[in-house]
Each structure stands twice: as C-alpha cells, then as structure tokens.
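Trainee: No sequence on hand, only this structure:
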C-alpha cells in the first residue's frame, strides 16, 4: 500500500509538470557509495592543500622580505638623513661668512695668478711648484664648495647662471689644468659682490633697464660702420699693398672694421687720415663724416642713455621717499606734480571726514531710536503687569463673596 501511494504521488507530480525520479534500493545504495567516495576525495584534497600551504609557509622566510616594515623604515631613515645633509650643506655654504671667505679666496687666487706671471716665479722651479700646489689647493676648495651647492640644489643648479658658470670654469680647470687663462676666469665669480652692495646692484639693474635702447644704438653703430667699412675698403684697398701707409689699414673688410673702431675712439685717426690724404687729397671728407657720426653722435648717445638711466634711478629713490606714483604704479618724475598730489590727498581726506561725520550722525540717530523703543516696551510691559494685577484682584474678590453666601445658608441646604 505504501508503494502504491508513493507511485500515485510521483504520478501526480509528473502530471503537474515536475520531474519524475524513481528511486530503488540499488540506486539508493549507489548514491550513498558515491557520496562516501566524494567525501573521502574531498578530505584527501583538503589534506593535500593544507600540506602544500604548510610547505609554502615554511619555504618563505619573513626575514628575507624586501618590502618588510623594517626595510621601509631604513629607507625612510636614509632619506631623512639625506635631507638633513642637504639642508646643512645649503645652510653652511650659502651663509654670509662662508661666501665672504670664498670671495676672499677668489681674490687671493687671482692675485697669485698675476704674481705668477713675473720672471722670478717662472724661472725658479721651487717657487713655481709652490704656486702650482697652492693653486691646486684653491681649486680643491672651489670644487668642494660646488659639490656642496650641488648637494643642496640638485639638478636645479643648472638654472642658476652663476653656479653654471662656476661649474664650467671648475670643470675646465680640472680638464685643462695647463691652460692658465682658463683658470683665470674664476676671478669673474667675484662679480657676486654686486648683489651684496646696494649701489652697485641698483646701477647694474639700471643698465639692464636701458638695454633695449643700447641695443638700438649698437645696431645703428654697426650699420654705419659696415657702410663705411665697405666704402673705405673699395677706395683705399691698394694703399697697404703699395706700401704707401705704415700698415695695411684697409686691405680687407675685417682690417677696415678694426681701423674704423680706432678712428671712432679718436685714437690716432689724424695720422691715418694724413697718410691716406698724401695719395688722395679729398680723403679728409669721408674721415671727418665718419668721426662726426660715430665719435661725436653715436658714442655720446650711449653716454646719454647711461646717464639717463642713472638719473632715473636717483629720481626713483627720491620718488619712493616722497611717494609720487601714478595710478598704474609707475613713478612720476615731474616736480610740478607734487603740489597737485598734495591737493588731491587733502581732498580725499576731506571726503573721508565727511563720511565719518555722516556715519557718526547715523549712529546717534540709531541710538535715539533704540532708546525710544526701549521706553515704549517698558511702558507696555508696565501696563500689562497692572492689568494682570487687576484681574487677579477681581478673581480674589469674587471667590470671597461666594464663601459668604454659603456661610449664611443652613447646613442641609449647603449639603
């Protein structure tokens, strides 16, 4: 009967669309055997995985880990030590005393280079060797200074013009130690004194400020010189070849340029002109024209621009003291503007005083309004308190009259 009922239940589920699974004793035994085998296989696989994991854990030594916390701490400590060394190097080498000491060494080294040109140094091997040893000591000191600058600045050292110049000079000194003129360039490092003396610094800044005008004047001078150089070379080229002049002044265009520069400086130009005039009597005309244009006009233009720059620098310093600046921040060098500036300042002060008076008046009106509002609130509060007292009294009087009427009634009625 049970088997029949089970068959009916399965048949009903099949008719409803569910899957039909007929289990027999053999199928149940096979499924239980499969489950036991799968469990045993899973247990063996787990044991194998655990053994492999143990082997991996035993194979890895935590002391050999390159990314352990101890290694990172050592790296951080090394970086901190390097940063501290950079800071100390920069602080030491850029201090005022060390810089003055280095500049003094540069001056002494340059002085010794000048003394080394005398015969008593060059002809005496012992003295010459002593100068060479001292010069090497100076070079080592300059190299140490540059190394400390490099340790502090890093590759940003190449962005500093003076430090780049030091690097080039010292490198050439080590590479070409026999070339004395290369080592003589170290004297130009003394130009850093310009940044320490205010007057020299302002003068250099003023000269840099007029560089555009100086460039224009230089271009004009080159154009005039080139025109006269071509003309003089074509006119007087054969004088030197024929031996009619002391030197070949106008044989080539480069020789003519040098001769014209000598004429522009007014150095012996009359002698050159007279030698040429002995062959070409009319030669005085181009010489005088060139001297007037270059020696009297162009050179004086350069001097005038430099003087104007120095005068502008002086006026800037005076303007900073008196405060005569334009609205756009530029300085006004006109002396007649100062009274107008004072009048403008007075007018602004008057307007400011009017604003202050207006604000004071508004403040007083605000205080009066607040006082009136305060009095009004106090009056209203007093009236409300009086009304409350009257209501309380009336309530008290009404309750007393009721008690009196109850006392006059008989006890039964009261009950």
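Mentor: Sure thing, it's come through. Every value quoted in this text rests on a predicted model; they were computed, and no experiment measured them. Residues are numbered from 1 along each chain as shown.

Trainee: quick check: mean pLDDT across stretch 145-165?
Mentor: Throughout stretch 145-165, pLDDT has a mean value of 83.

Trainee: List the buried residues in it.
Mentor: 145, 146, 148, 149, 150, 151, 152, 153, 157, 163 (16 or more other C-beta atoms under 10 Å). (C-beta placed from N, C-alpha, C; glycine too.)

Trainee: In strands, which of those appear?
Mentor: Secondary structure from DSSP state E places none of the buried residues of stretch 145-165 in strands.

Trainee: Let's see which of those residues end up in helices.
Mentor: With helices taken from DSSP state H, the overlap with these comprises 145, 146, 148, 149, 150, 151, 152, 153, 163.

Trainee: Please produce a markdown table containing the buried residues of stretch 145-165, extended by distance to residue 116.
Mentor: Formatted as a markdown table, the entries for those read as follows, by distance: C-beta to C-beta, whole Å:
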| residue | distance to residue 116 |
| --- | --- |
| 145 | 22 |
| 146 | 23 |
| 148 | 28 |
| 149 | 28 |
| 150 | 29 |
| 151 | 32 |
| 152 | 33 |
| 153 | 33 |
| 157 | 30 |
| 163 | 27 |
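
Trainee: ok, of the residues you listed, which one's closest to residue 277?
Mentor: Checking the buried residues of stretch 145-165 against residue 277 by C-beta to C-beta gives residue 163 as the nearest, at 55.3 Å.

Trainee: Spit out the contact partners of that closest one.
Mentor: Residue 163 is in contact with 146, 149, 153, 157, counting by C-beta atoms under 8 Å, 6 or more residues apart in numbering.

Trainee: And the closest residue to residue 151 other than its chain neighbours, which helix or strand is it part of?
Mentor: Taking C-beta to C-beta, 6 or more residues apart in numbering as the measure, residue 151 lies nearest to residue 89, with 4.7 Å between them; neighbours along the chain are not counted. When secondary structure is defined by DSSP states H and E, residue 89 falls within helix 69-93.

Trainee: what's the angle between the helix or strand just after that helix and helix 69-93?
Mentor: Using DSSP H and E, the helix or strand that follows helix 69-93 in sequence is helix 96-115. Relative orientation of helix 96-115 versus helix 69-93 (axes from the mean of the first three to the mean of the last three C-alpha atoms, to 10 degrees): 60 degrees.

Trainee: by contact count, what packs against helix 96-115?
Mentor: On a contact count with 3 or more C-beta pairs under 8 Å, 6 or more residues apart in numbering; DSSP states H and E, helix 96-115 meets helix 125-153, helix 180-184.

Trainee: To residue 353, which of those lies closest?
Mentor: Nearest to residue 353 among the helices and strands packed on helix 96-115 is helix 125-153; the distance by C-beta to C-beta comes to 55.2 Å.

Trainee: Just name whatever secondary elements the closest one is in contact with.
Mentor: By contact count (3+ C-beta pairs under 8 Å, 6+ apart), the secondary structure elements abutting helix 125-153 are helix 69-93, helix 96-115, helix 119-122, helix 161-175.

Trainee: Outside of stretch 262-274 itself, which residues are in contact with it?
Mentor: 225, 245, 249, 259, 283-284, 287, 290-291, 294-295, 298-299.

Trainee: Can I get the buried part of those as one ChimeraX selection?
Mentor: Here the buried members of the contacts of stretch 262-274 are turned into a ChimeraX selection, burial being counted by 16+ other C-beta under 10 Å:
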select :225,245,249,259,283,287,290,291,294,298,299
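
Trainee: so which of the contacts of stretch 262-274 would you say is closest to residue 138?
Mentor: The shortest distance between residue 138 and any of the contacts of stretch 262-274, using C-beta to C-beta, involves residue 299 and amounts to 40.0 Å.

Trainee: Next, count neighbours for the nearest residue to the closest one once chain neighbours are set aside.
Mentor: With sequence-adjacent residues excluded and distances taken as C-beta to C-beta, 6+ apart, residue 299 is closest to residue 264, at 7.0 Å. The local packing of residue 264 (other C-beta atoms under 10 Å) involves 21 other residues.

Trainee: just residue 203 next, same as before
Mentor: Summarising burial for residue 203: neighbours were counted as other C-beta under 10 Å, giving 16.

Trainee: got a list of what it touches?
Mentor: For residue 203, the contacting residues are 310, 313, taking C-beta under 8 Å, 6+ apart as the criterion.

Trainee: What distance do you get for it to residue 306?
Mentor: For residue 203, the distance to residue 306 (C-beta to C-beta, to the nearest Å) stands at 10 Å.

Trainee: Low-confidence stretches in the protein?
Mentor: By pLDDT under 70, the low-scoring segments of the chain are 1-70, 176-190, 192-193, 195-197, 318-342, 390-415.

Trainee: give the contact list for residue 143.
Mentor: Residue 143 sits next to 170, 174 when contact means C-beta under 8 Å, 6+ apart.

Trainee: Ok, residue 138 next?
Mentor: For residue 138, the set of contacting residues under the criterion of C-beta under 8 Å, 6+ apart consists of 105, 108, 109.

Trainee: I appreciate the help and will end here.
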